[in-house]
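Peer 1: return atomic coordinates for the entry below.
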Amino acid sequence: MRNLPYFCRGQVVRGFGRGSKQLGIPTANFPEQVVDNLPADVSTGIYYGWASVGSGDVHKMVVSIGWNPYYKNTKKSMETHIIHTFKEDFYGEILNVAIVGYLRPEKNFDSLESLISAIQGDIEEAKKRLDLPEHLKLKEDSFFQVSKSKIMNGH
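Peer 2: Now for the predicted structure:
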């Protein structure tokens with residue numbers, strides 16, 4: 001994706017139910033319309049950036065955009081793992097995401113354990129990169145101050 005950072009928001013919808021249950025890594029899923037409106041040049045893979053739920057605090061995040069080869073999805077998805085512990089689910093809330101960088105292409109894994117290990121590595125790498133000054137400043141971007149009644153792609 002050439003145009004980073006990329007900003008989008010949408011209502012959190014139920015996904016496949018695998019993030020928390022099988023992986024121990026909860027994800028928030030965007031509706032199809034948000035995924036369908038991604039820029040044409042977006043590469044599938046793992047990205048990192050900032051996210052907030054509703055008008056809440058902004059946290060570090062990683063997001064998987066693609067087909068999830070391990071699970072052989074037939075629909076492209078966009079699954080965000082916010083690096084923060086929430087007390088409860090937030091289905092129906094507005095998720096605000098600023099994608100600031102690319103970590104790696106998506107790939108298949110030969111076991112659930114190797115997938116989990118890769119995701120944990122992605123999370124650690126994202127935490128480090130988001131501490132860089134050029135990424136840290138985006139945490140304060142006006143995008144995160146916008147009224148939570150809007151659903152849009154772009155800035």
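Peer 1: who's in contact with stretch 51-58?
Peer 2: Residues from elsewhere that reach stretch 51-58, judged by C-beta atoms under 8 Å, 6 or more residues apart in numbering: 12, 28, 50, 59-61, 63, 80, 82, 84, 86, 90, 93-98, 139-140, 144, 148. Quick note: C-beta positions are derived from backbone N, CA and C, even for glycine.
Peer 1: buried ones in that stretch?
Peer 2: Ala51, Ser52, Val53, Gly56, Val58 (16 or more other C-beta atoms under 10 Å).
Peer 1: the fourth one and Leu95, how far apart?
Peer 2: So that's Gly56. According to C-beta to C-beta, to the nearest Å, Gly56 and Leu95 sit 10 Å apart.
Peer 1: longest helix in the protein, please.
Peer 2: Identified as the longest helix of the chain according to DSSP state H is helix 112-130.
Peer 1: may I see the PyMOL selection of the buried members of the contacts of stretch 51-58?
Peer 2: Selection of the buried residues among these in PyMOL, burial being defined by 16+ other C-beta under 10 Å:
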select buried, resi 12+28+50+59+60+61+63+80+82+93+94+95+96+97+98+139+144
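Peer 1: would you list every one of the helices in the protein?
Peer 2: With DSSP H as the criterion, the chain has helices spanning 32-36, 112-130, 133-136.
Peer 1: per-stretch mean pLDDT over those, give me the minimum one.
Peer 2: Across the helices of the chain, helix 32-36 has the smallest mean pLDDT, namely a mean of 90.
Peer 1: by contact count, what packs against it?
Peer 2: Helices and strands touching helix 32-36, by 3 or more C-beta pairs under 8 Å, 6 or more residues apart in numbering; DSSP states H and E, are strand 6-11, strand 77-82.
Peer 1: touching it from outside, list them.
Peer 2: Under C-beta under 8 Å, 6+ apart, the answer for helix 32-36 is Cys8, Arg9, Gly10, Ile65, Lys75, Lys76, Ser77, Met78, Ile151, Asn153.
Peer 1: hmm, Pro105 is touching Ser64, no?
Peer 2: No. The criterion here is C-beta atoms under 8 Å, and Pro105 misses it with Ser64 at 10.9 Å.
Peer 1: no further questions, thank you.
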